[in-house]
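**Q** Below: sequence and its predicted model.
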Amino acid sequence: MSEHESGMQAFDVVIGRLSNTPGVVACWILPDEERESLRQLELESNHSTMFHGMEVVNEGIEDVLERGRVVVMLHSPLLRHPSEPIVLICDEEGIVGEEVWDTGRREQLSRDPNVIFLGNNLILRRDALLRSRGRILKLTFRSLKFPELEGLRGVRDVVSVTVGSQSHRYLVKKAGWGVYGQEFGIVLIGFNASSREDLAGHAK
């Protein structure tokens, strides 16, 4: 089995699992030649976007794009929320705030006088904010695991990340998802194919 065949077989395994995952609307295999365009779009977004005076950086994009294979996944709100925060707000010394999706934890934090809510799901901690006074805060999009693909034979090193609005529009157009593609979210999932022997064993 050639490296190309191994990679395509790994794609088949991943797409098959994603097609049965609640909330997944469509998938598109990212052509290798599109990686640099996404890097540039996210870099431009990093330089141009400010959120409440914070620098916005998508640090997770490189984790995904350095993998051997990348899938672009369009999803509805039915996709489960990640178990960890996608977004962290940091200064030079540590975490100042984070994204909170769990309803119970959000309700608990709403009663904490040390917590400030920015919208429904993003919090800042007053003590950490005081500590960081005068410093530039960075709102960082992180790469996360994608549990639905963990343990698939022939697939390893799975990471995922969300993208900015410029990349979103670009990918919707490239994938041919049309107007309805603007109504849903996009997640990039990067992974590596396992050894040829492992993939061959998966095919049996």
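**A** Looks like it came in fine.
**Q** Is it correct that Lys174 is in contact with Glu34?
**A** Yes: counting by C-beta atoms under 8 Å, Lys174 does reach Glu34; the two are 6.7 Å apart. In this view, the C-beta of every residue, glycine as well, is placed from N, C-alpha and C.
**Q** low-scoring stretches of the chain, by residue?
**A** By pLDDT under 70, the weakly predicted segments of the chain are 1-7, 47-53, 195-204.
**Q** which SS class is the spatially most central residue of it?
**A** Residue closest to the mean C-alpha point of the chain, counted by C-alpha atoms, centre = their mean, is Val161 at 1.4 Å. Going by DSSP: H, G, I helix; E, B strand; the rest coil, the secondary structure assigned to Val161 is strand.
**Q** which element follows the longest helix along the chain toward the C-terminus?
**A** Looking across the chain with DSSP state H, the single longest helix is helix 3-19. Of the helices and strands lying after helix 3-19 in sequence (DSSP states H and E), the nearest is strand 24-29.
**Q** Let me see the ranges of the helices in the protein.
**A** Under the criterion DSSP H, the chain contains helices at 3-19, 35-48, 60-65, 103-110, 126-131, 165-175, 196-203.
**Q** Just name the most buried of the ones you listed.
**A** helix 60-65 (a mean of 20; mean count of other C-beta atoms under 10 Å).
**Q** Kindly tell me how buried Val71 is, as a neighbour count.
**A** 22 (other C-beta atoms under 10 Å).
**Q** Leaving out the residues flanking it, which one is nearest to it?
**A** With C-beta to C-beta, 6 or more residues apart in numbering as the criterion, Val71 has its nearest non-adjacent residue at 4.7 Å, and that residue is Ile189.
**Q** how close does that neighbour get to Gly119?
**A** 26 Å (C-beta to C-beta, to the nearest Å).
**Q** If you count surrounding residues, which of these two has more?
**A** Ranked by neighbour count (other C-beta under 10 Å), Ile189 and Gly119 place Ile189 first, with 23 against 8.
**Q** Now do the contacts for that one.
**A** Taking C-beta atoms under 8 Å, 6 or more residues apart in numbering, we find Ile189 in contact with Val14, Leu18, Val64, Val70, Val71, Met73, Phe146, Leu149, Val158, Val159, Ser160.
**Q** residue contacts, the nearest residue to Gly178 once chain neighbours are set aside?
**A** Of all residues not flanking Gly178 in the chain, Val172 sits nearest, at 7.6 Å (C-beta to C-beta, 6+ apart). Applying C-beta under 8 Å, 6+ apart to Val172 gives the contacts Leu74, Gly178, Gly181, Gln182, Ile186.
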